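S.K.: Here you go, sequence then predicted model.
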Amino acid sequence: MLLAQAPTLHMPALFSDNMVLQRGQSLPFFGTAAAGTKIDVTMNGHHASTVAKTDGTWNVSLRPMAAGGPYTATVAGDGTLTLRNVMVGEVWLCSGQSNMERRVSEADQSEAAQAEADPAIRMFTVTRSSLENPGADVAGTWVPAASDTVLNFSAVGYWYASILHKKLGVPIGIIHSSWGGTPGEAWIPRRTLRNSPTFAPMVDQYLTGLHDFPERKAKFDREFAEWKEKVYHTDISNDGFGMGYQDPDKDVSSWKQVTLPNLMEVTEGQDMDGAVWYRKTVELPPDWTAKDLRISLGPISDFDITYINGRRIGSVDDHYQYPYAVQRVYPIPPALAKGGTNVIAVRVFNQYGRGGFTGGAPLMKIYRHDGMDDPVSLAGPWLSKVERFIQPATPEVVASQPPPPYGPGHPWAPGGLFNGMISAMIPYAIKGAIWYQGEANVDRAYQYRELLPMLIEDWRKRWGQGDFPFYIVQLANYTQRVDQPGESNWAELREAQSMALKLPNTGLATIIDIGEANDIHPKNKLEVARRLSLIALDHEYGERSIFSGPIFRKVKFEGAEAHLEFDSLGDGLKTSDGIAVAGFTIAGEDRKFYWGTSKIVGNTVVVSCPYVAKPVAIRYGWANNPYVNLVNSVGLPASPFRTDDWPGITVGTGAK
């Protein structure tokens with residue numbers, strides 16, 4: 001964004017170069033200026049004007065536009081803001097916790113995302129912020145998708161946008177606002193929470209705790225500084241550079257042969273922090289001389305300095321908040337780009353925990369920025385040499401990290417994330433929202449029945465766009481499987497998510513079949529996005545299709561059998577693996593559940609069990625990580641459900 005002599009004229013960061021505006025809707029432009037200043041907004045032949053109010057705020061809307069661009073938008077007042085490369089298309093807000101936050105680089109199919117990255121897809125990632133009062137702005141920039149940027153996009157958000165772009169042929173903008181490990185109440189305004197008898201005690205408890213927060217914060221700062229001194233290590237000097245480790249002519253015959261990508265603990269065969277150098281000689285095509293080249297090394301934990309042919313070309317140091325998550329993609333200066341033999345040297349310094357190259361082999365490569373020719377892989381054999389060995393802290397010391405105090409700035413503070421990461425973006429025009437959150441609320445799943453609808457209705461009211469689409473990702477299967485039927489807080493949370501479908505214009509993407517027992521962050525984010533996009537394409541974009549797996553409709557108990565009927569069948573029911581239906585449990589009046597014997601009969605499922613002569617309740621997929629295989633004709637999984645309403649294990653859990 002070009003800012004020319006604008007002493008008071010200001011707009012939120014969403015209004016910047018490369019932004020995407022929502023087609024077919026009135027387009028609010030808003031910001032601040034000196035009271036009484038006339039504001040003129042012009043774009044694509046459309047013009048609107050207003051006058052800043054006495055408090056300095058202003059808001060004006062351009063008429064709806066069709067998809068298109070790039071355009072230049074001009075906002076004039078006591079100065080001028082010029083916004084370039086503006087597109088008009090579809091804008092979706094994607095929010096939640098870590099599974100929405102997870103990057104393309106941390107998901108399967110990341111290499112394919114790099115290959116197909118299209119600049120018509122843009123993402124605005126909101127910087128993490130928890131505030132006590134609604135913020136005036138959010139921090140972030142609009143970034144067009146490209147091979148060297150897409151790896152840092154939200155994986156679910158990117159693939160959702162990519163699928164919609166391919167189907168609709170219009171620019172897609174994603175506003176990504178998420179924070180891992182955060183509960184739903186952090187994303188709802190505090191005033192709204194206080195209107196609920198369920199959540200008002202939580203807010204009151206928080207506000208009461210603010211009285212002694214300064215003392216608790218000071219105590220934490222002291223304890224954390226002491227802990228960090230024991231665990232984190234400072235990179236005091238680059239001794240390897242002084243010894244010429246980056247020099248192509250350096251004698252490296254004594255260096256050890258290793259395989260990358262890998263952790264330094266693996267390449268060096270010992271637990272360690274400190275600095276390790278890695279070198280590789282690579283042959284590039286002869287005609288790559290003086291071409292616009294990029295080197296990609298994937299994410300590195302923690303810091304790196306990268307050289308080619310003895311010259312430093314890029315680095316990530318401790319100025320980065322999350323250096324281990326930064327994709328190392330560095331341009332190679334044309335003067336250094338040459339065909340034939342090249343020597344790459346990378347100094348990795350790990351200050352804490354595991355260190356080294358943490359991405360996949362496809363991320364390690366040199367390639368032409370113009371996309372011509374195949375990339376040259378850097379995965380495989382390298383040489384390594386330890387520059388500085390540091391004994392890491394013991395597991396006991398690491399585990400002694402003090403928890404941050406519950407107070408201002410804490411990501412769990414009621415309403416804090418709404419204030420810091422949502423409020424300032426309203427009323428920027430959006431099509432709708434996708435929401436992937438709930439893991440942090442499983443211990444209070446029964447409350448989520450109230451919490452999620454409260455969030456949806458509050459956001460809709462504040463945006464003032466009516467009942468905009470709100471699509472929910474139901475929690476995936478997770479943790480080890482159990483041998484016997486039982487209660488499950490994860491199942492109760494999924495049930496609460498499904499109950500939000502009572503609100504108009506909502507949708508649920510069921511992913512009970514693609515989770516991972518040992519990872520709360522399943523890597524198949526492309527399929528998550530695909531299932532979300534099926535809902536959007538059907539509900540909003542006129543592509544009538546089967547967008548959900550089988551949804552339980554009713555049960556009829558006949559003697560020892562339960563006959564269950566479903567909606568969203570397509571051409572009928574089947575199993576995903578071709579064997580008998582699994583995942584059903586059955587209970588009688590004693591409320592003791594047994595595994596059911598299940599079979600598909602036409603468009604129904606019949607469940608029975610020799611231990612239950614007179615069944616009264618059926619459950620399906622009722623576990624943290626159930627084995628389920630019921631799907632419809634297009635392969636979408638049945639959503640977990642139960643026919644009873646017996647109290648679960650999270651009923652009565654407090655608003656902690």
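M.R.: Yes, it's here. As the structure is a computational prediction, the values presented were derived from the model and not from experiment.

S.K.: Tell me how many other residues surround the closest residue to Ala617 other than its chain neighbours.
M.R.: Residue nearest to Ala617 in three dimensions, not counting chain neighbours: Asp644, with 3.9 Å by CB to CB, 6 or more residues apart in numbering. In short, each C-beta sits where N, CA and C put it, glycine included. The number of residues packed near Asp644 is 14, by other CB atoms under 10 Å.

S.K.: what do you get for Glu283?
M.R.: What Glu283 shows, counting by other CB under 10 Å, is a neighbour count of 10.

S.K.: Counting by contacts, list what the helix or strand it falls within packs against.
M.R.: Per DSSP states H and E, Glu283 falls inside strand 273-284. Packing contacts for strand 273-284, counted by 3 or more CB pairs under 8 Å, 6 or more residues apart in numbering; DSSP states H and E, involve helix 239-242, strand 256-260, helix 264-267, strand 340-350, strand 376-377, strand 380-390.

S.K.: Let me know the average pLDDT across that strand.
M.R.: What strand 273-284 shows for mean pLDDT is 97.

S.K.: Can you name the next helix or strand after that strand?
M.R.: Next element after strand 273-284 (DSSP H and E): strand 293-301.

S.K.: relative to strand 380-390, how tilted is the strand holding Glu283?
M.R.: Our comparison of strand 273-284 with strand 380-390, counting by axes from the mean of the first three to the mean of the last three CA atoms, to 10 degrees, yields an angle of 160 degrees.

S.K.: Give me the three-state assignment for the residue nearest to Ala617.
M.R.: Asp644 falls in the coil class when you classify it by DSSP: H, G, I helix; E, B strand; the rest coil.

S.K.: Go ahead and confirm it touches Val616.
M.R.: Yes - Asp644 is within contact range of Val616, at 7.5 Å (criterion: CB atoms under 8 Å).

S.K.: Identify the contacts common to these two.
M.R.: Residues within reach of Asp644 and of Val616 at once, by CB atoms under 8 Å, 6 or more residues apart in numbering, are Ala587.

S.K.: so where do the strands sit in the stretch 351-500 of the chain?
M.R.: 356-357, 364-368, 376-377, 380-390, 432-436, 470-473 (DSSP state E, counting those that start in this stretch).

S.K.: Tell me the helices and strands packed up against the third one.
M.R.: What that stands for is strand 376-377. Looks like strand 376-377 contacts strand 273-284, strand 364-368 (3+ CB pairs under 8 Å, 6+ apart).

S.K.: Looking at those, which is nearest to Pro261?
M.R.: Nearest to Pro261, of all these, is strand 364-368, at 5.9 Å by CB to CB.

S.K.: can you list contacts of that closest one?
M.R.: 147, 260-261, 282, 284, 288, 291-298, 332, 357, 373, 375-379.

S.K.: buried set for stretch 137-154?
M.R.: Buried residues in stretch 137-154, counting neighbours by 16 or more other CB atoms under 10 Å, are found at 137-138, 140-145, 147-154.

S.K.: which of those lies closest to Val398?
M.R.: So of these, ranked by how close each gets to Val398 (CB to CB), first place is Asn152, at 27.4 Å.

S.K.: what sits against the closest one?
M.R.: By CB under 8 Å, 6+ apart, Asn152 lies in contact with Arg103, Val104, Ser105, Thr125, Val143, Ala325, Val326, Gln327.

S.K.: just the helices in this protein please.
M.R.: 98-101, 110-116, 155-168, 190-194, 200-209, 213-231, 239-242, 264-267, 395-399, 416-421, 445-463, 489-499, 525-539 (DSSP state H).

S.K.: got TSV for the ones you listed, with mean neighbour count too?
M.R.: Output for the helices of the chain, formatted as TSV (neighbours: other CB atoms under 10 Å):
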stretch	mean neighbour count
helix 98-101	23
helix 110-116	19
helix 155-168	24
helix 190-194	19
helix 200-209	16
helix 213-231	13
helix 239-242	14
helix 264-267	21
helix 395-399	10
helix 416-421	26
helix 445-463	21
helix 489-499	23
helix 525-539	22
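
S.K.: Am I right that Asp571 is in contact with Ser633?
M.R.: Yes - here Asp571 reaches Ser633: they are 3.8 Å apart, a contact under CB under 8 Å.

S.K.: Please say which of these two ends up with more neighbours.
M.R.: Ranked by neighbour count (other CB under 10 Å), Asp571 and Ser633 place Ser633 first, with 13 against 10.

S.K.: Now do the contacts for the more buried one.
M.R.: Going by CB under 8 Å, 6+ apart, Ser633 touches Ile546, Leu569, Gly570, Asp571, Gly572, Leu573, Lys574.

S.K.: repeat that with 7 Å
M.R.: Neighbour list for Ser633: Leu569, Gly570, Asp571, Gly572, Lys574 [criterion: CB atoms under 7 Å, 6 or more residues apart in numbering].

S.K.: which among those residues end up buried?
M.R.: Neighbour counting by 16+ other CB under 10 Å classes Leu569, Gly570, Lys574 among the contacts of Ser633 as buried.

S.K.: Out of these, list just those in strands.
M.R.: For those, membership in strands holds for Lys574, with DSSP state E as the criterion.

S.K.: Looking at the buried ones among the contacts of Ser633, which is nearest Arg481?
M.R.: Using CB to CB, Lys574 is the member of the buried ones among the contacts of Ser633 that sits closest to Arg481, with 22.5 Å.

S.K.: Now that closest one: closest residue in space that isn't a chain neighbour?
M.R.: Of all residues not flanking Lys574 in the chain, Val631 sits nearest, at 6.1 Å (CB to CB, 6+ apart).

S.K.: What's opposite the one you found in the beta bridge?
M.R.: The partner list for Val631 in beta bridges (DSSP bridges) reads Lys574, Pro637.

S.K.: Surely it and Asp577 touch.
M.R.: No - between Val631 and Asp577 there is no contact under CB atoms under 7 Å: 9.5 Å.

S.K.: need the longest strand for the protein.
M.R.: Secondary structure of the chain read by DSSP E shows that its longest strand is strand 79-96.

S.K.: Paired strands for that one, with orientation please.
M.R.: Strand 79-96 pairs in its sheet with strand 2-4 (antiparallel), strand 20-22 (parallel), strand 68-77 (antiparallel), strand 172-178 (parallel), strand 432-436 (parallel), by DSSP bridges.

S.K.: Quick check: buried residues in it?
M.R.: Neighbour-count burial for strand 79-96 [16+ other CB under 10 Å]: 79, 81, 83, 85-96.

S.K.: Keeping just the C-alphas, turn that strand into CSV.
M.R.: This file holds the C-alpha atoms of strand 79-96, laid out as CSV (Å, rounded to 0.1, in the frame of the first residue of the first chain):
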residue,chain,number,x,y,z
GLY,A,79,-4.1,12.6,2.3
THR,A,80,-4.4,9.7,-0.1
LEU,A,81,-4.3,5.9,0.3
THR,A,82,-3.7,4.0,-3.0
LEU,A,83,-4.5,0.3,-2.9
ARG,A,84,-3.1,-1.7,-5.9
ASN,A,85,-3.7,-5.1,-7.5
VAL,A,86,-7.2,-5.3,-5.9
MET,A,87,-9.3,-8.2,-7.0
VAL,A,88,-13.1,-8.8,-6.7
GLY,A,89,-14.2,-12.4,-6.1
GLU,A,90,-15.2,-14.5,-3.1
VAL,A,91,-14.0,-13.8,0.4
TRP,A,92,-14.1,-16.3,3.2
LEU,A,93,-13.1,-16.0,6.9
CYS,A,94,-11.4,-19.1,8.2
SER,A,95,-10.9,-19.3,12.0
GLY,A,96,-10.4,-21.7,14.9
